[in-house]
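J.: 3D, please:
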Amino acid sequence: QVQLVESGGGLVQAGGSLSLSCAASGRTFSSYTMSWFRQAPGKEREFVAHISWSGDNTDYADSVKGRFTISRDNAKNTLYLQMNSLKPEDTAVYYCAAADFFGARHARQYHSWGQGTQVTVSS
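T.: The predicted structure is shown next:
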């Protein structure tokens, strides 16, 4: 398995931007597809964005398409999420996760998770 540690969360006003990072260690980072999920209080964990092994292919939830960008640097074993035009409804704990295939949108399809980082967007 791979160990994952998120960073970069914080408090931002609506319309602002934040950049999240997820540092990986352990097994070879490039052998996993990666995703960002989020979970708001009282809600289920939901898919945000997904990226292929090399980074050539990405997939986004409709709610963040055009505002968020997922990327990865395999040389640095790091996953990123650039979040622009943030809305109060983006407030949640954000998690990075690793899977073995591309196209995984369900949390149960992921075998490794970080501890999460809080993102709060004020109105």
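J.: use CA for all of it now, contacts and neighbours both
T.: Noted.
J.: my read: Ala97 touches Gln109, true?
T.: No - contact between Ala97 and Gln109 fails when scored by Cα atoms under 8 Å: they sit 9.6 Å apart.
J.: what about the two, which has more around it?
T.: Ranked by neighbour count (other Cα atoms under 10 Å), Ala97 and Gln109 place Ala97 first, with 28 against 14.
J.: show me what contacts that one?
T.: Neighbour list for Ala97: Leu4, Met34, Ser35, Trp36, Phe37, Tyr110, His111, Ser112, Trp113, Gly114 [criterion: Cα atoms under 8 Å, 6 or more residues apart in numbering].
J.: list the helices and strands the helix or strand harbouring the first one packs on?
T.: Right, Leu4. For Leu4, the element it lies in under DSSP states H and E is strand 2-7. Counting contacts by 3 or more Cα pairs under 8 Å, 6 or more residues apart in numbering; DSSP states H and E, strand 2-7 packs against strand 18-26, strand 92-99, strand 112-113.
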